[in-house]
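Undergrad: The sequence isn't on hand, but the structure is:
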Ligand code: IPE
Ligand code: IPE
Ligand code: MG
């Protein structure tokens with residue numbers, strides 16, 4: 001593929017709220033956990049497919065800080081799925097030069113899952129292809145509070161603190177903000193996902209449920225994005 005991403009009308013960073021696993025399963029009279037399993041398998045295929053576009057950043061919302069409020073069996077099932085999928089996912093990712101990062105808090109996750117996640121991040125740290133941020137145990141407000149705490153702890157000079165310095169204390173430090181924010185599953189809300197970083201993201205909502213969000217659906221979202229006029233408060237589209 002030639003030409004810059006911008007010339008080709010592509011975003012640099014796509015963020016996705018992977019919603020609708022439960023409803024996908026209910027439509028098939030299956031358990032919610034079955035839906036999460038299919039969602040997780042789909043995520044693996046999706047990342048492989050996405051990597052071919054040459055878009056450098058993909059952030060996936062897999063589990064929010066609020067999702068702990070679900071029944072214990074569902075929460076445990078989701079964590080088990082994450083753990084089971086990590087090994088294979090790491091292998092595939094590393095083979096494709098993909099860098100894996102985690103956005104969110106490590107606490108509350110079982111020690112062995114934390115260990116596996118750290119190993120995945122470490123193994124893929126120097127890969128130069130697509131960066132995949134997995135937002136797990138992630139909450140946007142909690143991220144902002146953490147950043148504020150860290151800034152106070154380090155006694156950052158109040159006069160040097162601006163938006164760019166503040167961004168450097170978020171989980172996404174050093175990465176561009178999302179240009180395109182996709183939510184599957186039909187809800188039209190952010191649900192505490194990247195609320196700082198998405199200040200100027202283009203929002204795309206689709207009723208398609210996550211396990212059904214494949215290549216054609218992604219193409220539709222990207223085509224829609226390429227027709228948006230981004231002004232960032234100015235008058236000229238950028
Ligand atoms: C998204 O699917 C996955 C997680 C939140 C973990 P849901 O489980 O929210 O699916 P619906 O919204 O109930 O269909
Ligand atoms: C958002 O979906 C979180 C993830 C997809 C991981 P939810 O299903 O938790 O969001 P709400 O509860 O409908 O806002
Ligand atoms: Mg949901």
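TA: Cool, the structure landed. Fair warning: this is a prediction, and the values are worked out from it, not measured in the lab. Ligands and ions are numbered 1, 2, ... in the order given.
Undergrad: Going along the chain, name the strands of the protein.
TA: In the chain, the strands defined using DSSP state E lie at 13-17, 57-64, 99-103, 131-138, 180-183, 202-205.
Undergrad: could I get the ones you listed as a markdown table with mean neighbour count, mean pLDDT and distance to ligand 2?
TA: Backbone N, C-alpha and C define where each C-beta goes, glycine included. Shown next, in a markdown table, are the strands of the chain (neighbours: other C-beta atoms under 10 Å; pLDDT from 0 to 100; distance: least, C-beta to the nearest ligand atom, whole Å):
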| stretch | mean neighbour count | mean pLDDT | distance to ligand 2 |
| --- | --- | --- | --- |
| strand 13-17 | 25 | 99 | 5 |
| strand 57-64 | 22 | 98 | 4 |
| strand 99-103 | 21 | 97 | 12 |
| strand 131-138 | 23 | 98 | 7 |
| strand 180-183 | 24 | 98 | 8 |
| strand 202-205 | 17 | 98 | 12 |
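Undergrad: dump the residue contacts of the nearest residue to residue 172 once chain neighbours are set aside.
TA: Nearest-residue entry for residue 172: residue 197, 5.7 Å, with adjacent residues in sequence omitted and distances by C-beta to C-beta, 6 or more residues apart in numbering. For residue 197, the contacting residues are 15, 167, 170, 172, 177-178, by C-beta atoms under 8 Å, 6 or more residues apart in numbering.
Undergrad: excluding its backbone neighbours, what's nearest residue 90?
TA: Nearest residue to residue 90 in three dimensions, chain neighbours excluded: residue 120, at 4.5 Å (C-beta to C-beta, 6+ apart).
Undergrad: Could you report the neighbour count for the one you found?
TA: By the criterion of other C-beta atoms under 10 Å, residue 120 has 22 neighbours.
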